[in-house]
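Q: Provide a 3D model corresponding to the input given below.
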Amino acid sequence: MNLNNGSKIIIKLILILLFLSCLGKWPYGYYQLVRFLGFAGFGALALDRYEKKDNWFWFWAVSAFLINPFFKIALGRHIWNIIDVLWAIVLLISIFLETNQNKNRIS
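A: As a prediction, this is how the structure comes out:
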């Protein structure tokens with residue numbers, strides 16, 4: 001899977017919004033939806049990075065495993081909130097890093 005830069009940014013922005021929205025109170029079904037979408041998003045990012053032999057592959061793959069909807073990892077709401085914020089920060093940083101790398105390749 002070779003994602004273009006626009007697709008990666010959209011996936012990352014959607015994941016950021018989903019994870020930050022988890023800080024609020026939602027019905028349990030919403031968190032299940034976030035698990036499925038997070039798993040799919042992190043999986044797509046991991047596959048993209050795997051094909052490019054990039055070190056980000058490991059972060060995205062571990063994140064997909066951690067949030068997977070099939071074998072739930074029970075960490076408690078407080079820990080999951082911390083992880084959600086950390087994921088949002090890392091996703092935002094990765095957007096800026098990739099954008100700067102692409103600008104440097106063009107110049």
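
Q: What number of residues are in the vicinity of residue 71?
A: By the measure other C-beta atoms under 10 Å, the count of residues near residue 71 is 6. Glycine gets a C-beta too; all of them are placed from N, C-alpha and C.

Q: Next one: it, what pLDDT does it get?
A: Per-residue confidence (pLDDT) for residue 71: 90.

Q: Check the one 5 residues further on too.
A: Per-residue confidence for residue 76 comes out at a pLDDT of 90.

Q: What about it? Give its phi and psi, please.
A: For residue 76, the backbone dihedrals are phi 90, psi 150 (criterion: degrees, to the nearest 10).

Q: Give me the neighbour count for it.
A: 8.

Q: ok, now residue 67?
A: Residues near residue 67, counting by other C-beta under 10 Å: 25.

Q: any idea how far it is from residue 7?
A: 20 Å (C-beta to C-beta, to the nearest Å).

Q: could you say what helices and strands the helix ranked longest in the chain packs with?
A: Counting residues, the longest helix found in the chain (DSSP state H) is helix 77-106. Identification of packing neighbours for helix 77-106 by 3 or more C-beta pairs under 8 Å, 6 or more residues apart in numbering; DSSP states H and E yields helix 5-21, helix 56-67.

Q: Run the angle between it and helix 5-21 for me.
A: 160 degrees (axes from the mean of the first three to the mean of the last three C-alpha atoms, to 10 degrees).

Q: Show me which positions of helix 77-106 end up buried.
A: By neighbour count with 16 or more other C-beta atoms under 10 Å, helix 77-106 contains the buried residues 80, 83, 84, 87, 88, 90, 91, 94, 95.

Q: Among the residues you listed, which pair sits farthest apart?
A: Farthest pair in these (C-beta to C-beta) is 80 and 95. Separation: 22.5 Å.
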